Every structure is written in structure tokens, then in C-alpha cells.
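*Asks:* Here is my input, please return the structure:
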Amino acid sequence: MIVVTRLNGTRFAVNPDLIERIHESPDTHLVTLDGAAYVVLESLAEVVELIADYRAYILSKARDFPAITGYPLSLVRTDDPDDDPYDDGAGPTAPAQPRK
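*Replies:* Predicted structure coming up:
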């Protein structure tokens, strides 16, 4: 959750994964996936920085989790097709194999 400030000075937390868009006109508006809109004191750049800091925090906490059954928690890379630990090399026409 990120904490932002309404125009009246009250603070509230919002889940940044539910924010669809942020715009300034001149006030900063957060619009969520369900259409709710919030006007906040923070600038667009400040909200983006809060979201980036939140996501970095989540990743750092994930790295602190202990390994489970010998597999460390890691990020899924999408830039290297050979890096898929679940790819059995059978190709796209082979029936799907259950993940171990």
C-alpha cells in the first residue's frame, strides 16, 4: 500500500496494483481499475516514486524468504526463453506436463 494525502490533509492508503492511471490537471488524480477517483496533494512524480519504492520494498522482502524445498524465491525472467525451469524441451505440440 502507498500512503497519499487528500486535499483536506487526511491521509489514506491505496493499493498501487489497483491504480489504472494517474494524471495532473493541475491536481493529481488517481483512478483505480473500478473507476474510483481520488484527488491527492502529491504530484504525479511523487506518486510514481511512491509506487516504485513500494515495489522495490516488496521485491526486497521476497528475497528475504527462506528457500522452500531447495528452490529459492526468484523473479521470472521473460527475456530469455531458455531460462524457463518448467520447459521440458518437448516443444509447443507436446501435451502439457504438470509442474513439479
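
*Asks:* for this protein, what spans make up the strands?
*Replies:* Counting by DSSP state E, one finds strands in the chain at the ranges 2-5, 11-14, 19-24, 28-32, 37-40.

*Asks:* Residue 57 is nearest to which of those?
*Replies:* Of all the strands of the chain, strand 2-5 sits nearest to residue 57, with 10.2 Å by Cβ to Cβ. Glycine gets a C-beta too; all of them are placed from N, C-alpha and C.

*Asks:* Report the buried residues of the closest one.
*Replies:* With burial defined by 16 or more other Cβ atoms under 10 Å, the residues of strand 2-5 counted as buried are 2, 4.

*Asks:* tell me the mean pLDDT over that strand?
*Replies:* The average pLDDT for strand 2-5 rounds to 98.

*Asks:* In terms of secondary structure, what does that strand contact?
*Replies:* strand 11-14, strand 37-40, helix 44-63 (3 or more Cβ pairs under 8 Å, 6 or more residues apart in numbering; DSSP states H and E).

*Asks:* In this structure residue 41 contacts residue 6, no?
*Replies:* Yes - contact criterion Cβ atoms under 8 Å: residue 41 and residue 6 qualify, at 7.3 Å.

*Asks:* Check what contacts the helix or strand bottoming out on mean pLDDT in the chain and list those residues.
*Replies:* Across the helices and strands of the chain, mean confidence by mean pLDDT, DSSP states H and E is lowest for helix 44-63: a mean of 94. The set of residues external to helix 44-63 that reach it, using Cβ atoms under 8 Å, 6 or more residues apart in numbering, is 1-4, 16, 19, 22-24, 28, 30, 40, 42, 73, 75.

*Asks:* I am finished for the moment; much appreciated.
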